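Asker: Prediction below, plus the sequence it came from.
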Amino acid sequence: MMRLLNTLAAAVLVLATAADGFGLGGSRGRAAAKKVASSPLLDDALASYPYVIKDEERARLVGNFNELARIYGDDDALDFVKRQPRTLKFNKENFQLCLDAWTEQFGDEKAMAMVRRNPGVLGIKPEQTGDAEATMAFSYVVAAGPVLGAAIAIAALAAGANTDFNPYNV
């Protein structure tokens, strides 16, 4: 009788392991059977990444972009990479946690808009999102940066072209 139970237990163990390995059951099998959706803009994102992508980091960058695309949408994720290429190097585990914290503070639309204005905030750790008022305010500064930079450059050129301009009133 004991031999029969041992044989039966061994058979169950072998079948369970085989089923798990072929995606027919068990926790690893179910996780392996899930196909992670890849963004249709993934190739564009990787092409716009200005640094050399090493073989060992490619999977991480692909995973990070796909997570950004899942949360913010394909077009916004591509825009993040074009404006802030470092976003592909940030920790994807923090993306949803930070957005959840900011959504709790500002609401969904304002939190999403803040990230769209300044994708650099995606590098923040979730424990640093407690009081994000300064982060929200700074996102407007970052968004206005290119416009302000151009205005300052034009003003400097105009002032330089004016021979009567004297900033020191001498």
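Answerer: Cool, got the structure.
Asker: Just checking, which helix or strand succeeds the lowest-mean-pLDDT helix or strand in the chain along the chain?
Answerer: In the chain, no helix or strand scores lower on mean pLDDT, DSSP states H and E than helix 26-33, which sits at a mean of 33. Per DSSP states H and E, the first helix or strand lying C-terminal to helix 26-33 is helix 42-48.
Asker: Give the buried residues for the following helix or strand past that following helix.
Answerer: Counting by DSSP H and E, the element after helix 42-48 in chain order, helix or strand, is helix 55-72. Buried residues in helix 55-72, counted by 16 or more other Cβ atoms under 10 Å: L61, V62, N64, F65, N66, E67, L68, A69, R70, I71, Y72. In this view, the C-beta of every residue, glycine as well, is placed from N, C-alpha and C.
Asker: Closest one of these to P50?
Answerer: L61 (12.4 Å; Cβ to Cβ).
Asker: Let me know the pLDDT of the closest one.
Answerer: As predicted, L61 sits at a pLDDT of 97.
Asker: residue contacts, it?
Answerer: L46, Y49, I53, L88, K89 (Cβ atoms under 8 Å, 6 or more residues apart in numbering).
Asker: All the strands of this protein, residue numbers only.
Answerer: Using DSSP state E, no strands are found in the chain.
Asker: That one: helices as residue ranges?
Answerer: For the chain, applying DSSP state H gives helices covering 2-21, 26-33, 42-48, 55-72, 74-83, 92-106, 108-117, 133-161.
Asker: Determine which of these shows the lowest mean per-residue pLDDT.
Answerer: helix 26-33 (a mean of 33).
Asker: hang on, the earlier thing: may I see the buried residues of helix 55-72 arranged in TSV, with distance to L148 as well?
Answerer: Shown next, in TSV, are the buried residues of helix 55-72 (distance: Cβ to Cβ, whole Å):
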residue	distance to L148
L61	31
V62	35
N64	30
F65	29
N66	34
E67	32
L68	27
A69	30
R70	33
I71	29
Y72	25
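Asker: quick one: which of the contacts of L61 is most hemmed in?
Answerer: Neighbour counts for the contacts of L61 peak at L88, which has 25 neighbours (criterion: other Cβ atoms under 10 Å).
Asker: Quick check: that one touching F65?
Answerer: Yes - using Cβ atoms under 8 Å, L88 is in contact with F65, at 6.0 Å.
Asker: Now do the shared contacts for these two.
Answerer: A45, V81.
Asker: T129 and M112, how far apart?
Answerer: Distance from T129 to M112, counting by Cβ to Cβ, to the nearest Å: 14 Å.
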